[in-house]
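[1] sequence first, predicted coordinates after that:
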2 protein chains.
Amino acid sequence: MEHTTEYKDLVNQNQDFLPGISIDCVIFGFHENQLKVLLIKFGNTQIYSLPGGFIYKEESLDEAANRILDHRTGIEDTYLEQFYIFGDPKRVNPEEHRWIMQKNGIDLPSDHFLFNRHITVGYYALVDFTKIQPHSYLNHEESGWFDIYDLPETIAFDHRDILTKALNSLRLLLDHKLAVFNLMPETFTMGELQSLYETILNKKLLRANFQRKMLSLGILERLDKKWGGGAHKAPYLYRFDSQKAEANKFSNQFEE
Amino acid sequence: MEHTTEYKDLVNQNQDFLPGISIDCVIFGFHENQLKVLLIKFGNTQIYSLPGGFIYKEESLDEAANRILDHRTGIEDTYLEQFYIFGDPKRVNPEEHRWIMQKNGIDLPSDHFLFNRHITVGYYALVDFTKIQPHSYLNHEESGWFDIYDLPETIAFDHRDILTKALNSLRLLLDHKLAVFNLMPETFTMGELQSLYETILNKKLLRANFQRKMLSLGILERLDKKWGGGAHKAPYLYRFDSQKAEANKFSNQFEE
């Protein structure tokens, strides 16, 4: 067990950490048709957790996330991206945490900063499984890859929830996200919708292409024509159809 | 000016706030072909900012975000979603902040917690512009809607960066996000790619549909056949083509 500066900082309640905030890293790899995540096991327990840690006061979040992942697992130069911040006041049971530390011969007072409420920033990375060779660190006796659908029974704190959220974020990467329709009124013309897209993208779009592509998504319901001066020139009104949108999500199209 | 409990907490360095963390809200509305954001102006200055505040120790992040937005602007029951956490150690200049407070007759000591480093969680909402009637609050003399492409000259702290990031997040909603290809090796068969999708989605997909839909995205380059026992049965290898992917992004397809 290597007692580094950071480890001493932790035990000595060093004031160089930013208070109230931590980082946890979900590392995804894909191997033999399994989506794997990297977990570490606390020494002298059967409890697994995500690689995580604290932020020095002069560090940016991204710097801290990379330092923590490197220190805990030896994984360097991986592109980590934040995916969610977990802010439930009860997300960590301080007694569970204290018990884990005690099992490793580290007896901290119950008012130690480690047991305060911490908001944690979830970072994730998608890595080439074959290039990663994790090592273990500090009070963790081993680290290893686990099938996301076959995780160890006991996972510390709210880390199972963090893993679930990370998986959901990964699934969203597969889909169109159509939340921009929340910006529109209940019904709208194609021109109004195009205007929304043009405004968000800050560029002009070709009218015919926009209409064709948008209709091809199969997420709009065409209604009556909008009343105007000359009926033959009135544009159709459309409504966003959330049921069609769900059915036409990219990840649902393979099952037709 | 209404001096509420929260306001007193702020001035009195009340320990009921979670240390080191704040929330800022970007409220998007769409009106007359403009993408608008809601900003508030600090009293006795020409400095605008996002509606923001601190988190009580017993609150979840989402609860705090909704309370802050309601208190600052009167906007209730809006679905706020976090989009990014801003963690640059230098994101706020404490002197700028202190000067703004002084301009409003609030003279805080320079070691007041308000001037410590705070990480801030960015929340955004897409709202129906016509239903929102913001009011002002505390040391803010007015609040109002601004065209995202025509913002006031002086925006406090890093709030211009936060607005930029929020706009970029909104643009991402328009696109497929194709980062999952980072999980694959350089070259792969269609079967291997399908397996990745099946694993992430945790369901079986139809082989013919998957291949057709995936090829229709126009983001894969077909290479030679993979060497196998019987050449006539060998599957093709594919490579992800990031240039094609960029050109075929949904938001770029309207310009063909």
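    Cool, got the structure. Computed from a prediction, not measured in an experiment: that's the story for all the values here.

[2] pretty sure A:Lys210 sits in a helix.
    I think there's a mix-up here, since residue A:210 is Phe and not Lys. Yes: the assignment for A:Phe210 (DSSP: H, G, I helix; E, B strand; the rest coil) places it in a helix.

[3] quick check: residues of the stretch 1-150 of chain A near chain B?
    Contacts of the stretch 1-150 of chain A with chain B, taken as CB under 8 Å from any CB of the partner chain, map to A:18-21, A:28-30, A:33-35, A:55, A:57-62, A:64, A:82, A:84-85, A:87-89, A:117, A:119, A:121, A:126-128, A:130, A:149. C-beta here means a position set from N, CA and C on the backbone, and glycine is covered the same way.

[4] next one: phi and psi at the nearest residue to A:Arg160 once chain neighbours are set aside?
    Spatial nearest neighbour of A:Arg160, excluding adjacent residues (CB to CB, 6 or more residues apart in numbering or on different chains): A:Leu151 at 7.1 Å. Torsion angles at A:Leu151 (phi, psi; degrees, to the nearest 10) stand at phi -80, psi 160.

[5] any buried residues in the helix or strand hosting A:Glu192, and which?
    A:Glu192 is part of helix A:190-201 when elements are defined by DSSP states H and E. Neighbour-count burial for helix A:190-201 flags A:190, A:192-201 (criterion: 16 or more other CB atoms under 10 Å in any protein chain shown).

[6] dump those into CSV; add distance to B:Ile162 as well.
    CSV is the format used below for the buried residues of helix A:190-201 (distance: CB to CB, whole Å):
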residue, distance to B:Ile162
A:Met190, 32
A:Glu192, 28
A:Leu193, 27
A:Gln194, 28
A:Ser195, 25
A:Leu196, 22
A:Tyr197, 23
A:Glu198, 23
A:Thr199, 19
A:Ile200, 17
A:Leu201, 20
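
[7] okay, now the closest residue to A:Thr187 other than its chain neighbours: neighbour count?
    For A:Thr187, ignoring the flanking residues on the chain, the nearest one in space by CB to CB, 6+ apart is A:Leu237 at 4.5 Å. Neighbour count for A:Leu237, taken as other CB atoms under 10 Å in any protein chain shown: 18.

[8] OK, contacts around A:Leu237?
    A:187-189, A:222-226 (CB atoms under 8 Å, 6 or more residues apart in numbering or on different chains).

[9] where does pLDDT dip in chain A?
    Residues of chain A that meet the criterion pLDDT under 70 lie in A:1-14, A:33, A:128, A:130-131, A:135-141, A:172-184, A:200, A:227-232, A:248-256.

[10] show me where it has its strands.
    Remark: strands assigned in chain A by DSSP state E are A:17-31, A:34-42, A:48-49, A:52-56, A:81-86, A:119-127, A:140-147, A:188-189, A:220-225, A:236-240.

[11] residue contacts, the residue most central in space within chain A?
    With distances taken as CA atoms, centre = their mean, chain A has A:Phe83 as the residue nearest its mean C-alpha position (2.8 Å). The contact partners of A:Phe83, by CB under 8 Å, 6+ apart, come to A:26, A:122-124, A:165-166, A:169.

[12] report how many residues lie close to the residue nearest to A:Arg160.
    Other residues within reach of A:Leu151 by the criterion other CB under 10 Å amount to 15.

[13] how much space separates it from B:Ile148?
    Using CB to CB, to the nearest Å, one gets 42 Å for the distance from A:Leu151 to B:Ile148.

[14] same thing with A:Cys25?
    In this view, A:Cys25 and B:Ile148 are 33 Å apart by CB to CB.

[15] now A:Ala208
    If you measure A:Ala208 against B:Ile148 using CB to CB, the figure is 27 Å.

[16] try A:Arg160
    Distance, A:Arg160 to B:Ile148, by CB to CB: 39 Å.

[17] and if you look at A:Ala125?
    In terms of CB to CB, A:Ala125 sits 31 Å off from B:Ile148.

[18] again with A:Lys57
    A:Lys57 is 33 Å from B:Ile148, where distance means CB to CB.

[19] repeat that for A:Ala247.
    For A:Ala247, the distance to B:Ile148 equals 32 Å [CB to CB].

[20] higher neighbour count, the two?
    Using other CB under 10 Å as the criterion, A:Ala247 and B:Ile148 rank with B:Ile148 on top: 20 against 14.

[21] ok, the nearest residue to that one once chain neighbours are set aside - contacts?
    Spatial nearest neighbour of B:Ile148, chain neighbours left out: B:Leu35 (4.7 Å); criterion: CB to CB, 6+ apart. Applying CB under 8 Å, 6+ apart to B:Leu35 gives the contacts A:183, A:196, A:199-200, B:28-29, B:147-149, B:167.

[22] which pair of those residues spans the longest distance?
    A:Leu183 and B:Tyr149 (15.5 Å; CB to CB).

[23] more neighbours: which of these two?
    The neighbour comparison of A:Leu183 against B:Tyr149 (other CB under 10 Å) goes to A:Leu183, with 22 against 10.

[24] reformat the contacts of B:Leu35 as a markdown table; add distance to A:Pro134.
    As requested, the contacts of B:Leu35 are exported to a markdown table (distance: CB to CB, whole Å):
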| residue | distance to A:Pro134 |
| --- | --- |
| A:Leu183 | 44 |
| A:Leu196 | 46 |
| A:Thr199 | 46 |
| A:Ile200 | 41 |
| B:Phe28 | 41 |
| B:Gly29 | 47 |
| B:Asp147 | 49 |
| B:Ile148 | 43 |
| B:Tyr149 | 46 |
| B:Leu167 | 37 |
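
[25] for these, which one is nearest A:Pro51?
    B:Leu167 (32.4 Å).

[26] my read: the closest one touches B:Ile148, true?
    Yes: counting by CB atoms under 8 Å, B:Ile148 is a contact partner of B:Leu167 at 6.0 Å.

[27] got a list of what A:Ile27 touches?
    Taking CB under 8 Å, 6+ apart, we find A:Ile27 in contact with A:37-38, A:51, A:69, A:73, A:75, A:78, A:124-125, A:127, A:132.
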